[in-house]
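**Student:** Pasting a predicted model and its sequence here:
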Amino acid sequence: MVPVLSELERELHTQMVQAIESVKDSGKMGISFSGGVDSCLLAKICQDLGYDVLLFTMGFEDSHDVEFSKRMAKVLGMNHEVEIISETTFSNVAKKIWDEINVDNLSWNENCIAFYYVAKLAQKHKITKVMTANGIDELFCGYNAYRDSILEGQDAVLGMIEDKILNETRMMKAVNQITSEFGVNIAQPFLSKEFIEFAKVIPLEYKIKDKDDLVRKHLVRKLAVSIGVPEESALKLKKAMQYGSLIHKNLLKVKKTWNMNF
């Protein structure tokens with residue numbers, strides 16, 4: 001059955017397809033997959049386009065992302081591989097990455113660590129390009145911080161979107177610095193110039209309603225449901241990758257052994 005989409009959903013879908021096609025390789029590709037709405041939407045569009053993709057998830061044993069991604073991949077009927085982070089070697093990996101990117105920013109380091117394990121998994125399966133849905137949270141007000149900025153008015157929210165996109169774009173360069181060790185490129189279709197410009201002009205009401213809006217990303221979630229993303233994923237509240245994988249918790253723990261101030 002062909003989904004019935006609103007005009008704005010159709011346009012978002014078209015722009016997402018074009019963004020994905022702009023980074024598509026001729027061979028098999030990976031998708032960084034947490035099971036959340038953004039990665040599920042990316043995976044479902046690729047599935048609908050008939051692309052040869054493999055879903056990759058990393059996390060500590062029994063972490064939220066490991067368990068949830070398995071369920072969502074099964075519902076979608078897509079091939080899925082998981083990298084379980086070893087507690088024994090994590091400290092050395094994390095310290096190596098922190099030293100290599102040389103940026104005193106917890107979130108940047110957590111993301112670089114996460115994609116290190118994604119790239120390691122991709123290399124194991126002989127995949128050199130992995131797509132990620134990074135950019136959607138920034139452009140569609142996925143973060144809780146947007147609830148504070150909306151109190152200051154629309155201009156404050158738009159300013160935050162600009163700042164977060166700039167930060168995300170820079171961070172993903174650091175990510176690719178790390179993943180190059182495995183010969184893996186992390187592609188971000190939703191951080192392309194064309195997609196960013198399109199997303200910026202979508203009215204704010206389709207992204208966030210008010211300071212009490214815990215859900216946010218409303219247009220993205222509507223599109224996800226419309227094209228067959230499991231509702232359990234499409235309507236699920238955001239849980240950032242570093243938290244869902246337990247990287248944040250474990251990084252805070254091992255940093256104490258590094259004798260550094262953070």
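**Tutor:** Now that the structure is in, tell me what you want to look at.

**Student:** And the contacts of the helix or strand bottoming out on mean pLDDT in the chain?
**Tutor:** Lowest mean confidence among the helices and strands of the chain (mean pLDDT, DSSP states H and E): helix 241-244, at a mean of 86. With Cβ atoms under 8 Å, 6 or more residues apart in numbering as the test, helix 241-244 has contacts from 34, 36, 59, 63-65, 68, 107, 110-111, 113-114, 247-249, 251. (Glycine included, C-beta is placed from N, CA and C.)

**Student:** Please point out which parts of the helix or strand following that helix sit buried.
**Tutor:** Scanning forward in sequence from helix 241-244 by DSSP states H and E, the next helix or strand is helix 247-255. Applying a neighbour-count criterion of 16 or more other Cβ atoms under 10 Å, one finds 247, 248, 250, 251, 255 buried in helix 247-255.

**Student:** where are the low-confidence patches of this structure?
**Tutor:** By pLDDT under 70, the low-scoring segments of the chain are 1-4, 259-262.

**Student:** Please report the residue range of the longest helix in it.
**Tutor:** Assignment by DSSP state H gives helix 154-179 as the longest helix of the chain.

**Student:** For the helix or strand following it, buried residues please.
**Tutor:** Note on helix 154-179: by DSSP H and E, the next helix or strand toward the C-terminus is strand 185-187. Buried residues in strand 185-187, counted by 16+ other Cβ under 10 Å: 185, 186, 187.

**Student:** what do you get for stretch 156-163?
**Tutor:** 157, 160, 161.

**Student:** what's the distance between the last one and residue 26?
**Tutor:** Spelled out, it's residue 161. Distance from residue 161 to residue 26, counting by Cβ to Cβ, to the nearest Å: 34 Å.
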